[in-house]
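Asker: model the structure of this input:
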Amino acid sequence: MARMIPTVTHPFTDLSLELADRREGKVRVSYALPNRRRLLVTTDRLSALDRVVTAVPYKGQVLNQLAAWWFAKTQSIIANHVIAVPDPNVLIAVDATPLPVEVVVRGAITGNTSTSLWRQYANGARVIYGHRFEDGLERDSLLPEPLVTPTTKGVSGLHDEPISESEVVSRGLVDASTWESVRTAALSLFTFGQQIANQADLILADTKYEFGYDQDGQLILIDEMHTPDSSRFWERSTYETRVAEGADPESLDKEPIRRALAGLGYTGDGPPPDLGVGVIEATSTRYIKAFERITGDEFLPGQYPVGDRIKSALKSKGVL
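Answerer: Predicted coordinates for the structure are as follows:
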């Protein structure tokens with residue numbers, strides 16, 4: 001049973017009088033630091049359908065700690081923006097320039113939103129994100145190989161626009177050489193993510209990656225990775241039985257929140273409906289389970305075992 005205690009306001013959540021350039025995101029707040037660095041502070045806010053719909057206890061700490069764990073594990077695949085993790089709620093990161101596209105790698109035909117693979121397929125599309133699909137596919141079925149599906153980012157009215165890989169280049173969003181580097185890194189990250197998920201008796205169904213440039217022009221991985229916010233993790237042991245029965249796969253992510261909203265008829269317009277305490281507590285439990293199953297560590301609110309790489313970074317900045 002998840003440890004449910006009241007969420008407390010973290011001292012890092014209000015630094016407006018101490019640090020300049022405060023940027024408010026859907027699920028985190030960031031502040032400018034000296035030497036082209038940023039302080040990224042997670043919150044317990046949860047977004048779905050491109051807006052904040054509720055708050056989930058422990059979500060911020062799980063997201064921050066799990067993403068930091070993945071960043072440390074994947075440095076050999078591609079460099080990332082993390083410099084140090086001085087607190088369970090905080091990352092110190094390089095101030096990067098995001099690419100104007102996000103990359104979703106999909107291992108299953110699933111999803112509820114209008115741009116999801118399953119929703120487009122169910123509505124009759126057979127060429128989606130530039131990929132052709134045969135008739136007769138079932139919802140939540142696994143694909144024979146991962147698909148790279150780019151979407152636009154940060155363009156008013158075009159967020160999550162489904163585009164093909166060729167359009168990324170033809171529109172001038174990313175040049176061909178950079179896109180090839182992004183594609184190669186995304187597939188390598190997804191393959192590694194699948195391996196870790198399999199060891200945890202989970203299926204990594206799909207995930208979102210964001211890339212950008214650091215101040216030296218190096219392509220790096222940014223934002224977060226392989227958390228219950230950015231990925232779908234399904235229980236491997238029950239997957240086949242549940243899909244055969246027409247039931248949703250058991251998940252350790254925020255997909256039940258999306259489906260609860262869909263069941264209430266919410267499409268993202270106007271204030272979100274009240275989801276109830278039960279759905280929120282169940283989501284908190286899933287987030288904690290995801291952390292513990294994937295890392296093999298017990299989730300301890302307010303504590304985080306700082307690794308040698310993080311200690312070294314902190315010492316170099318005079319923090320330790």
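
Asker: all helices in this structure, in order from the N-terminus.
Answerer: 59-73, 117-122, 165-170, 176-199, 236-244, 255-263, 277-295, 308-316 (DSSP state H).

Asker: for the chain, which residue occupies the most central location?
Answerer: Closest to where the C-alpha atoms of the chain average out (CA atoms, centre = their mean) is residue 230, at 1.9 Å.

Asker: that one and residue 184, how far apart?
Answerer: To residue 184, residue 230 is 20 Å away according to CB to CB, to the nearest Å. All C-beta spots, glycine's among them, are computed from the backbone N, C-alpha and C.

Asker: and what of residue 236?
Answerer: Taken as CB to CB, the span from residue 236 to residue 184 is 27 Å.

Asker: before we move on, back to that, now do the contacts for the nearest residue to the residue nearest to the centre of the chain once chain neighbours are set aside.
Answerer: Spatially, and ignoring its direct neighbours in sequence, residue 230 is nearest to residue 208 (4.7 Å; CB to CB, 6 or more residues apart in numbering). Contact analysis of residue 208 by CB atoms under 8 Å, 6 or more residues apart in numbering lists 102, 103, 104, 230, 231.

Asker: out of those, list just those in strands.
Answerer: 102, 103, 104, 231 (DSSP state E).

Asker: residue contacts, the residue lying closest to the first one once chain neighbours are set aside?
Answerer: Counting by CB to CB, 6+ apart, residue 153 is the residue found nearest to residue 102 once chain neighbours are left out, at 4.7 Å. Remark: with contacts taken as CB under 8 Å, 6+ apart, residue 153 is in contact with 98, 99, 100, 101, 102, 159, 210.

Asker: and those, which two are furthest apart?
Answerer: Spanning the widest gap among these are 99 and 159, at 14.0 Å by CB to CB.

Asker: and the pLDDT for residue 30?
Answerer: Predicted confidence (pLDDT) for residue 30: 87.

Asker: oh, that last question was meant for residue 136, not what I typed.
Answerer: Looking at residue 136, its pLDDT is 95.

Asker: of the contacts of residue 153, closest to residue 284?
Answerer: Comparing the contacts of residue 153 against residue 284 with CB to CB picks out residue 210 as the nearest, at 24.7 Å.

Asker: residue 98 is in contact with the closest one, correct?
Answerer: Yes. Counting by CB atoms under 8 Å, residue 210 touches residue 98, with 6.2 Å between them.

Asker: so for the two, which sits in the more crowded spot?
Answerer: Higher neighbour count among residue 210 and residue 98: residue 210, with 19 against 14, using other CB atoms under 10 Å.

Asker: residues contacting the more buried one?
Answerer: Taking CB under 8 Å, 6+ apart as the test, what residue 210 contacts is 98, 99, 102, 103, 153, 221, 222, 223.

Asker: great, nothing more from me.
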